[in-house]
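K.L.:
Have a look at this fold, sequence not included:
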């Protein structure tokens, strides 16, 4: 029922990996093994000897590493993409080299580490161009697959539609001494801070300007007089102004006595003018938002009026014959 032995309840403690490498950017890798897409991620390239040592140690998965620059002392975290680097070298994304302040060929200390699974991250785009992305959360969900960790104050780089965007990590949760979280197989809530250089628009001023435009364009029917549209726009006055000083017959007449007669100036009103569509139309300037069709209003006749018109005699006069009657002949 019972078993005794030293290994029965023995739990293997995780062992740490630690080594120094010469760091170089991904752009300096051999053309046969270089992967330019690795610049837009958070994973490094280690030599095959590092894989042999890690396989003999009790290292937790996923493999996460703490990177410390020997020159600046700055720290960040990341994962490993492949073990294909030359011995004694480590290749890093360009943004990681800039974050650590490391120069190509400088020494870098790399330790295996553990960070908590991420629950929340707040980021700050470094340019307003990030606002051009229609669905930034979906884009981040896709590009964060190339990252293993996110560390506070890191400025990472992502690529979308052949354009590079720089994003700074402002805050992560849960908080830890490493100020870093693991983003592998976890539900991560993302919050966005306003991009650097973004100015909040003055919505009150924009709304006031739109209201002013709307009021100037609107037409209040209460302010207009009642009646037909021709009355409201004073169409009779417009016609009279165009027909002033108009002479219908500009020529001169000859009387039998030999004197010449000049035509009199016409002073007929709007009611006496017969409008026809044959001549040149008069210019009609209307306010914005008004239409004028110009057709007269003809009311339909009642049935009684139509019957009276049909009973009326058309010819009521008497005719005269050129022939004389028989009584006159006798």
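P.N.:
That came through fine. Just so it is clear, the structure is predicted and the values come from calculations on it, not from any experiment.

K.L.:
average pLDDT for the helix or strand hosting residue 98?
P.N.:
Assigned by DSSP states H and E, residue 98 falls within helix 94-100. On average, the pLDDT along helix 94-100 is 94.

K.L.:
got the buried residues for that helix?
P.N.:
Neighbour-count burial for helix 94-100, counted by 16 or more other Cβ atoms under 10 Å, picks out 95, 96, 97, 99, 100. C-betas here are computed from N, CA, C, even on glycine.

K.L.:
Residue 78 is in contact with the second one, correct?
P.N.:
Yes - counting by Cβ atoms under 8 Å, residue 96 touches residue 78, with 6.7 Å between them.

K.L.:
so who does residue 186 touch?
P.N.:
Taking Cβ atoms under 8 Å, 6 or more residues apart in numbering, we find residue 186 in contact with 117, 118, 119.

K.L.:
where along the stretch 51-200 of the chain do the helices fall?
P.N.:
Along the stretch 51-200 of the chain, the segments classed as helices by DSSP state H, counting those that start in this stretch run 94-100, 136-143.

K.L.:
between the ones you listed, which gets nearest to residue 175?
P.N.:
With Cβ to Cβ as the measure, helix 94-100 is the member of the helices of the stretch 51-200 of the chain nearest residue 175 (20.0 Å).

K.L.:
Can you list the low-confidence ranges for the stretch 151-300 of the chain?
P.N.:
Scanning the stretch 151-300 of the chain with the threshold set as pLDDT under 70 gives 216-232, 235-236, 239-251, 258, 261-284, 293-299.

K.L.:
just checking, what's the longest strand in this structure?
P.N.:
Taking DSSP state E as the criterion, the chain has its longest strand at strand 163-173.

K.L.:
Neighbours of residue 65, how many?
P.N.:
Residue 65: 23 surrounding residues under other Cβ atoms under 10 Å.

K.L.:
If we ignore the residues flanking it in sequence, what's nearest it?
P.N.:
Leaving aside its chain neighbours, residue 65 sits nearest to residue 110 (5.3 Å; criterion: Cβ to Cβ, 6 or more residues apart in numbering).

K.L.:
and the helices of the stretch 51-200 of the chain as a markdown table, adding distance to residue 238?
P.N.:
Below are the helices of the stretch 51-200 of the chain laid out as a markdown table (distance: least, Cβ to Cβ, whole Å):
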| stretch | distance to residue 238 |
| --- | --- |
| helix 94-100 | 73 |
| helix 136-143 | 59 |
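
K.L.:
The helix ranked longest in the chain: which residues count as buried?
P.N.:
Longest helix of the chain, by residue count under DSSP state H: helix 203-217. Within helix 203-217, no residue counts as buried by 16+ other Cβ under 10 Å.

K.L.:
which non-adjacent residue is nearest residue 36?
P.N.:
Leaving aside its sequence neighbours, residue 36 sits nearest to residue 26 (Cβ to Cβ, 6+ apart; 7.0 Å).

K.L.:
which residues sit in contact with the one you found?
P.N.:
Contacts of residue 26 (Cβ under 8 Å, 6+ apart): 34, 35, 36, 38, 39, 45, 91, 92, 93, 94.

K.L.:
doesn't residue 23 make contact with the last one?
P.N.:
What it means is residue 94. No - between residue 94 and residue 23 there is no contact under Cβ under 8 Å: 11.6 Å.

K.L.:
Contacts only, for the closest residue to residue 33 other than its chain neighbours.
P.N.:
Of all residues not flanking residue 33 in the chain, residue 84 sits nearest, at 5.1 Å (Cβ to Cβ, 6+ apart). Counting by Cβ under 8 Å, 6+ apart, residue 84 touches 33, 45, 47, 48.

K.L.:
my read: the third one touches residue 80, true?
P.N.:
No - using Cβ under 8 Å, residue 47 is not in contact with residue 80, being 10.9 Å away.

K.L.:
For residue 91, grab the count of nearby residues.
P.N.:
Residue 91: 29 surrounding residues under other Cβ under 10 Å.

K.L.:
and it, what is it in contact with?
P.N.:
Residue 91 sits next to 23, 24, 25, 26, 28, 29, 38, 44, 45, 85 when contact means Cβ under 8 Å, 6+ apart.

K.L.:
Please name the bridge partners of the second one.
P.N.:
This points to residue 24. For residue 24, the beta-bridge partners are residue 91 (DSSP bridges).

K.L.:
doesn't residue 92 make contact with it?
P.N.:
Yes - look at residue 24 against residue 92 with Cβ under 8 Å: they come within range, at 7.4 Å.

K.L.:
Compare these two (neighbour count), which wins?
P.N.:
In this view residue 24 and residue 92 are compared by other Cβ under 10 Å, and residue 92 has more residues nearby, 27 against 22.

K.L.:
Just want to check the distance between the more buried one and residue 193.
P.N.:
26 Å (Cβ to Cβ, to the nearest Å).

K.L.:
That's all I had, so thanks and see you.
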